[in-house]
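# Okay, here's the prediction I keep looking at, along with the sequence it came from:
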Amino acid sequence: MPPAIQIDQINKSFLSGRTTNYALNNLSLIIQKGEVFGFLGPNGAGKSTTIKLLLHFLRPDSGTMQIMGNTIGRDEFRHQIGYLSEFPCFYDHLSATETLMLAGRLSGMSKNTLHIRIPELLARMGLSDAANRRVGGFSKGMKQRLGMANALIHNPQILIFDEPMSGLDPIGRHLIKDIILELKKLGKTIFFSSHILSDIQALCDRIGIIHKGKLLYDGKLADFIQNDHLEDRFVAMIEENDRAAISH
C-alpha cells in the first residue's frame, strides 16, 4: 500500500523582480495512512507553499508529490482529500446549508445523502442555529468551523489543514481538537500546519520542522521533545540553525 502522502525532492522558487526567492529546497516527506502529522515552522518557512503544492494550486520547479499513489499534476486525487485553509472563502450570499450542499454535489454526493449529512455536520460544528443564515454575516470563527464541515462533507480519507485553529476562541479550538482526535480514531490521515505548538503536542504522532525552505526535522514527536516542552525545543532548533547559517 502506498503512503498517504509522499513528497520527493521538491524544489520551489518565486521571482521577485530580478531576485529569485527559494521557498522550498529539496523537501522530502512521507506520511503514512492513519498518521496525524504536524508541520511546523516560523512565518515564511514554506508550510503554506507545501500545502498549495499538495493541492496542485502551485507547480514545483522539480520533484514529485503523490496522494495515495496518485501523482499530483498527472492523476486525479482531489476526491480523496478534504482541505481547510487558514482563511476559508465562501459565497457570501449562500447559507451554511447551501454552501455544504454545493461542496457535496461538486464531490459527487447525492442530494438524499447530503440531506442527512449536512445537518449532522452543522450540529457537530455548533452551527445548527446558523444553518439558514447567509455566510457573509458569519464571524471568523464561524467561517472556520464551516470550513471544517466543508472539508469533511464527502468523508475523505486524507485531511489537509492550514492553521485549522486560526481565529478560534478557546471553545472553538477545543471543538476542532476533538474533531481531529475523532478523525484519528477513524483511521484518517491528517496533515496540518499550526503556530499553536500546544495543539501540535496534544494531537500529533509525528512532526516535520521546516525553516527557510529546508526540512530540519522529520520524526516522532516524542523523540523530538524528549520530556521537554515542544516550544522550547522548537525555538532552540530554529535559533541554532540561524546561528549556524551566520557562522558560514
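Thanks, I have it.
# Any regions of this protein where pLDDT drops low?
Applying pLDDT under 70 to the chain flags the ranges 248.
# By residue count, what's the longest helix in it?
Assignment by DSSP state H gives helix 230-247 as the longest helix of the chain.
# For that one, buried residues please.
Within helix 230-247, the residues that count as buried by 16 or more other C-beta atoms under 10 Å are L230, R233, F234, M237, I238. Where C-beta positions appear, they are placed from N, C-alpha and C, glycine not excepted.
# got these as JSON lines, with distance to D218 columns?
Output for the buried residues of helix 230-247, formatted as JSON lines (distance: C-beta to C-beta, whole Å):
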{"residue": "L230", "distance to D218": "15"}
{"residue": "R233", "distance to D218": "14"}
{"residue": "F234", "distance to D218": "14"}
{"residue": "M237", "distance to D218": "12"}
{"residue": "I238", "distance to D218": "15"}
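# any residues touching the helix or strand G82 falls within, and which ones?
G82 is part of strand 81-84 when elements are defined by DSSP states H and E. Applying C-beta atoms under 8 Å, 6 or more residues apart in numbering, the contact partners of strand 81-84 are 55, 67, 144, 147-148, 150-154, 156-162, 164.
# Next step: these restricted to strands.
Under the assignment DSSP state E, those contribute I67, I158, L159, I160, F161, D162 to strands.
# of those, closest to F14?
Each of these was checked against F14 using C-beta to C-beta; the closest is D162, at 17.9 Å.
# surely the closest one meets E86?
Yes - here D162 lies in contact with E86, judged by C-beta atoms under 8 Å, at a distance of 4.8 Å.
# any common contacting residues for those two?
S48.
# Mind checking which of the two has more residues around it?
D162 (22 against 18; other C-beta atoms under 10 Å).
# Report the beta-bridge partners for the residue sitting nearest the centre point of the chain.
For the chain, F161 is the residue whose C-alpha lies nearest the centre (C-alpha atoms, centre = their mean; 1.9 Å). Beta-bridge pairing for F161 (DSSP bridges): L84, F192.
# ok, which stretches of this structure are strands?
Counting by DSSP E, the segments of the chain that form strands are 5-16, 19-31, 36-40, 62-67, 70-71, 81-84, 158-162, 189-193, 206-211, 214-220.
# still on that earlier bit, can you pull the contacts of the residue nearest to the centre of the chain?
Counted by C-beta under 8 Å, 6+ apart, F161 has contacts Y83, L84, A151, I190, F191, F192, S193.
# And for E163?
Residues counted as contacts of E163 (C-beta under 8 Å, 6+ apart) are E86, F192, S193, S194, H195.
# Now restrict these to buried residues only.
The buried subset of these - by 16+ other C-beta under 10 Å - is E86, F192, S193, S194.
# Was I right to think the first one contacts M165?
No - using C-beta under 8 Å, E86 is not in contact with M165; the gap is 9.6 Å.
# Surely F191 and I5 touch.
Yes - in terms of C-beta under 8 Å, F191 counts as a neighbour of I5; the distance is 6.0 Å.
# Pull up the overlap in contacts between these two.
If you check F191 and I5 against C-beta under 8 Å, 6+ apart, the residues they both contact are I31, F37, L54, I158.
# Near L94, how many other residues are there?
Using other C-beta under 10 Å, L94 has 15 neighbouring residues.
# Contact partners for P156?
Shown in contact with P156 (C-beta under 8 Å, 6+ apart): H79, Q80, I81, G82, K188.
# The longest helix of the chain packs against which elements?
Helix 230-247 is packed against helix 197-203, strand 206-211, strand 214-220, helix 221-225, with contacts defined by 3 or more C-beta pairs under 8 Å, 6 or more residues apart in numbering; DSSP states H and E.
# Just want the angle from that helix to strand 206-211.
30 degrees (axes from the mean of the first three to the mean of the last three C-alpha atoms, to 10 degrees).
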